[in-house]
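1. pasting the structure only:
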């Protein structure tokens with residue numbers, strides 16, 4: 001039996017007679033951040049004798065802190081002489097022109113200057129934002145057979 005029995009009553013143990021409490025703060029700082037992933041853009045086979053452009057698409061996935069406003073830019077690529085309005089894939093000294101656009105009609109070039117030639121700013125939702133890049137190789141280019149390639153850098157401004 002805990003404690004002493006005095007006149008038929010049990011007294012509690014002295015060690016359990018009192019208690020004390022305190023608090024401590026718990027904090028964290030959520031950073032404003034973004035991450036981007038890009039899938040390859042593969043046009044497949046290009047027929048230089050065709051009068052029809054060759055179109056293809058790819059997607060970018062942008063994940064930012066909820067509520068973060070961001071824009072996405074695409075640079076000119078790594079080929080010599082390329083600009084954001086006249087990109088070039090290379091095969092040795094041979095160049096194959098192509099374009100990257102912001103919409104399915106392929107009329108608005110996708111460049112790297114926010115507010116000028118990038119899609120409008122987007123505010124990050126809870127899930128990643130998926131953006132489609134619309135590519136086009138113009139028809140009737142006089143180029144030799146073989147694989148052509150370029151590398152484009154995606155920049156997220158936030």
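-> Yes, it's here. This structure is a prediction, so every number in the text was calculated from the model and none was measured. Numbering: from 1, shown residues only.
2. which residues in the chain form helices?
-> According to DSSP state H, the chain carries no segments that qualify as helices.
3. where are the low-confidence patches of it?
-> Applying pLDDT under 70 to the chain flags the ranges 1-15.
4. which residues in it form strands?
-> In the chain, the strands defined using DSSP state E lie at 5-6, 9-10, 34-38, 54-64, 69-74, 87-91, 94-101, 122-123, 129-137, 154-157.
5. Make CSV from those and add mean neighbour count and distance to residue 18 to it.
-> Yep, even glycine has a C-beta here, placed from its N, CA and C like the rest. Output for these, formatted as CSV (neighbours: other C-beta atoms under 10 Å; distance: least, C-beta to C-beta, whole Å):
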stretch, mean neighbour count, distance to residue 18
strand 5-6, 8, 20
strand 9-10, 10, 18
strand 34-38, 14, 53
strand 54-64, 16, 52
strand 69-74, 19, 55
strand 87-91, 20, 77
strand 94-101, 20, 73
strand 122-123, 14, 54
strand 129-137, 18, 57
strand 154-157, 16, 58
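6. I'd like those laid out as JSON lines, including distance to residue 146.
-> What follows is those, written out as JSON lines (distance: least, C-beta to C-beta, whole Å):
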{"stretch": "strand 5-6", "distance to residue 146": "101"}
{"stretch": "strand 9-10", "distance to residue 146": "96"}
{"stretch": "strand 34-38", "distance to residue 146": "24"}
{"stretch": "strand 54-64", "distance to residue 146": "16"}
{"stretch": "strand 69-74", "distance to residue 146": "25"}
{"stretch": "strand 87-91", "distance to residue 146": "5"}
{"stretch": "strand 94-101", "distance to residue 146": "7"}
{"stretch": "strand 122-123", "distance to residue 146": "38"}
{"stretch": "strand 129-137", "distance to residue 146": "14"}
{"stretch": "strand 154-157", "distance to residue 146": "26"}
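7. Those strands: which one's closest to residue 113?
-> When these are compared for distance to residue 113 using C-beta to C-beta, the nearest one is strand 69-74, at 6.8 Å.
8. what angle separates the closest one from strand 129-137?
-> With axes from the mean of the first three to the mean of the last three C-alpha atoms, to 10 degrees as the criterion, the two stretches strand 69-74 and strand 129-137 enclose an angle of 20 degrees.
9. and strand 69-74, what other elements does it pack with?
-> Other helices and strands packing on strand 69-74, by 3 or more C-beta pairs under 8 Å, 6 or more residues apart in numbering; DSSP states H and E, are strand 54-64, strand 122-123, strand 154-157.
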